[in-house]
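> Following is a predicted model, sequence given first.
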Amino acid sequence: MASKKFSFIEMFVGAGGSHLGFKKQGDFQTLLVSDLQEDMCKTFKHNNPDVPYVIKDDIHNLSGKQILELIGLEKGKLDVIFGGVVCKGFSLAGVRSSSDPRNELYKKYINLVKDLQPKVAIIENVPGMASMMIKDGDEFSEDKKKRINEAWINLQKLNGLKSVIRKGQASAEQKREAKEIQSKKSDYRNLIKEGSMSVIGDIKLLYNKAGYNVLEPKILDASHYGSATTRRRLIIIAIRKDLDHTKFEFPPRKTFNPLTVGEVFKKINYDKEDIDNVPMGHNEKSVRRFKYIPEGGKITNIMDKLPKELKISNFYSRGCTMRLSRDKPAPTLVPGHSNFPVHPTEHRSITVREAGAIMGFPLNYKFFGSHTSRCEQVGQAVVVQMAEALADVTANFL
């Protein structure tokens, strides 16, 4: 362990999972964090009163000069900046829209890195970011830009039409339109490919211009670092060019017998009054449906056993249509109360507290906002144990 505290700031901090990991490691002092969401800032402030600056603002409104003035450091003196760049635009669970404004956030983040010149800059995101393409059509004619944009819109529309068709709710016109777009799908993809570049490629170019070398991105599994979830995340490390980036090593796997959901839940005091541990009030039909899902199983595997009135579309294959196993780590927890999985033995979705425990949050961590907001805060967080492992190798490098 180093004898000094390294300086650390964070953008898109959320509820504070990454901050907790870097704090737990012991060598870092968080000087400033920022997030746009009011509930997340309230949660962070309440649980982390030692952090001097919690800024609720859009990253586009923040400047490197403003941040340096607040934390009292000169340009180039900050040790680490961390950014769990908002990832909905990149997620495999949604439509990959090239025009989603959230796809531009990494550019602003790297622009801040350029202004601050920290020694190490970290981006955390969903694995899908590794294969994401963005529009790069500045050199194209207006006509070609228009055709590229129409191709994106049509492919996005096709996803929506397929969903309606799967649910058996499509009109003849919608089926015809889906068939027409499908017939041109290959042409649309080729057109988009011509007018696009990979997000990772763009990130490397931007970092290079900002004075950084980028290590080859890696996808880490949180269960390898002592967490009770197999949540996988893409980690992109940038090292300032005056430092030897070849000396930085990604964290090696620490645990080969992953922490299980059952082990985590045993630590929770269910007798304690805790608003974050109050189960959702599911409707009677949902509870009946839950009873058919075996421990560790999914509703799609037992659909033929369900009474007709309880059947749902095979399309709904995530969240509370799967039941956790006590003997295994949880899969990735998707933000949103309706998407949290079912408790291993009880006929309800897991609580905010149970989800927080799976993600590594302390059992006394208080979340603020509506039930949906609190679920989102947990589901969007960086897993504490993974952040701690990253903190460890970053401290060794520094």
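Noted; the coordinates are in hand.

> residues touching the residue nearest to residue 348 when sequence neighbours are not counted, list them.
Leaving out its chain neighbours, the residue that sits closest to residue 348 by C-beta to C-beta, 6 or more residues apart in numbering is residue 279, at 4.6 Å. In short, each C-beta sits where N, CA and C put it, glycine included. Taking C-beta atoms under 8 Å, 6 or more residues apart in numbering, we find residue 279 in contact with 346, 348-349, 351.

> With pLDDT and secondary structure as added columns, please give these in CSV.
Shown next, in CSV, are these (pLDDT from 0 to 100; DSSP: H, G, I helix; E, B strand; the rest coil):
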residue, pLDDT, secondary structure
346, 96, coil
348, 92, coil
349, 92, strand
351, 95, coil
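
> which of the residues you listed lies closest to residue 106?
Minimum distance to residue 106 across the contacts of residue 279 is 32.2 Å, recorded for residue 349 (C-beta to C-beta).

> didn't that closest one look like it was pressed against residue 281?
No - taking C-beta atoms under 8 Å as the definition, residue 349 is not a contact partner of residue 281, at 10.7 Å.

> So if I had to pick from the two, which one is more boxed in?
residue 349 (24 against 9; other C-beta atoms under 10 Å).

> Need the contacts of residue 279 in TSV (columns: distance to residue 253).
Compiled in TSV, these are given as follows (distance: C-beta to C-beta, whole Å):
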residue	distance to residue 253
346	32
348	34
349	30
351	30
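
> Could I get the full set of strands for this protein?
6-11, 28-35, 53-56, 80-83, 120-125, 133-135, 196-198, 212-214, 218-221, 232-240 (DSSP state E).

> closest one to residue 374 among those?
strand 28-35 (14.7 Å).

> looking at this structure, which helix or strand does the model trust least?
Using mean pLDDT, DSSP states H and E, strand 133-135 stands out as the lowest-scoring helix or strand of the chain, at a mean of 67.

> low pLDDT regions in this structure?
Along the chain, the model assigns pLDDT under 70 to residues 1-4, 87-103, 133-140, 312-320, 335-338.

> Now with 90, please.
For the chain, the stretches with pLDDT under 90 are 1-4, 85-105, 107, 126-160, 162-170, 185-202, 255, 280-290, 298-322, 334-340.

> Determine the longest helix present in it.
What stands out as the longest helix in the chain, according to DSSP state H, is helix 142-166.

> how far out from the middle of the chain is that helix?
25 Å (C-alpha atoms, centre = their mean, to the nearest Å).

> again with stretch 200-215
The answer for stretch 200-215 is 21 Å, by C-alpha atoms, centre = their mean.

> likewise stretch 249-259?
20 Å.

> can I get the CA coordinates of it in PDB?
C-alpha atoms of stretch 249-259 as PDB (Å, rounded to 0.1, in the frame of the first residue of the first chain):
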ATOM      1  CA  GLU A 249      -1.600  -4.200 -15.500                       C
ATOM      2  CA  PHE A 250      -5.300  -5.100 -15.400                       C
ATOM      3  CA  PRO A 251      -6.400  -6.700 -12.100                       C
ATOM      4  CA  PRO A 252      -5.900 -10.500 -12.100                       C
ATOM      5  CA  ARG A 253      -8.700 -12.800 -11.100                       C
ATOM      6  CA  LYS A 254      -8.900 -12.900  -7.300                       C
ATOM      7  CA  THR A 255     -11.600 -15.500  -6.600                       C
ATOM      8  CA  PHE A 256     -12.400 -18.800  -8.200                       C
ATOM      9  CA  ASN A 257     -15.300 -19.700  -5.900                       C
ATOM     10  CA  PRO A 258     -17.600 -16.800  -6.500                       C
ATOM     11  CA  LEU A 259     -19.700 -15.300  -3.700                       C
END
